[in-house]
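Asker: what follows is a protein structure lacking sequence information:
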């Protein structure tokens, strides 16, 4: 009779021990899933030229998109240069949609530029300046674009 009296306490103690094991030991095995995710900075630089005369185009809006979410926007300078950055990308091979459109009231010819989008792939990734923990570092790519009437051509090259 005395032996049966302690049986519920032993069962509860074992269940409590199993619960503590599950809550403490198991999550520490894979901390990425419980405490955050790795990030990396993706930097894309380039130049936009006119197909008509191969001169740089200024005031072109360059938008970096991940799916339909806008990540960064830049406007080309007098020499046609731009830079867009995704500061919180996932450190893996990734493709971004790069959209080009003209600012209103610019000196560029209206038949030269249309609303255009291309895909830029970051491949053969080499990250620098990571912290060895959550931040993998920074990688960059180069995208030179020639805008033609009604379409664009792009010659991407990674650094």
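Answerer: The structure has been received and is ready for your questions. Note that this is a predicted model, so its numbers are computed, not measured.

Asker: dig out what residue 63 forms beta bridges with.
Answerer: Applying DSSP bridges to residue 63 yields these beta-bridge partners: residue 73, residue 99.

Asker: contacts only, for it.
Answerer: Applying CB atoms under 8 Å, 6 or more residues apart in numbering, we find residue 63 in contact with 70, 72-73, 84, 98-101. For glycine as for every other residue, the C-beta is placed from the backbone atoms N, C-alpha and C.

Asker: nearest to residue 54, of those?
Answerer: For these, the minimum distance to residue 54 (CB to CB) is 16.6 Å, reached by residue 100.

Asker: show me the contacts for that closest one.
Answerer: With CB under 8 Å, 6+ apart, residue 100 has these contacts: 48, 60-63, 113, 115-118, 145, 147, 152.

Asker: in strands only, show me the residues you listed.
Answerer: If you go by DSSP state E, the contacts of residue 100 have 48, 60-63, 116-118, 145, 147, 152 in strands.

Asker: are any of those buried, and which?
Answerer: For the ones in strands among the contacts of residue 100, a burial check counting by 16 or more other CB atoms under 10 Å picks out 48, 60-63, 116, 145, 147, 152.

Asker: from those residues, which is closest to residue 38?
Answerer: When these are compared for distance to residue 38 (CB to CB), residue 63 wins out at 25.2 Å.

Asker: returning to what we had before: so which of the contacts of residue 63 sits lowest on pLDDT?
Answerer: Lowest in pLDDT among those is residue 70, which has 83.

Asker: can you count the residues close to that residue?
Answerer: If you count neighbours by other CB atoms under 10 Å, residue 70 ends up with 12.

Asker: what's the helix or strand for it?
Answerer: Here residue 70 sits within strand 69-75, counting by DSSP states H and E.

Asker: which elements pack onto that strand?
Answerer: Counting contacts by 3 or more CB pairs under 8 Å, 6 or more residues apart in numbering; DSSP states H and E, strand 69-75 is packed against strand 60-66, strand 81-89.

Asker: any low-confidence regions in this structure?
Answerer: Along the chain, the parts satisfying pLDDT under 70 run over 1-4, 24-36, 105-114, 149-159.

Asker: go again using 50 as the cut-off
Answerer: Within the chain, the ranges that satisfy pLDDT under 50 run 32-33, 110, 112-113, 151, 157-159.

Asker: center of it - which residue?
Answerer: Nearest to the geometric centre of the chain sits residue 89, at 3.2 Å (CA atoms, centre = their mean).
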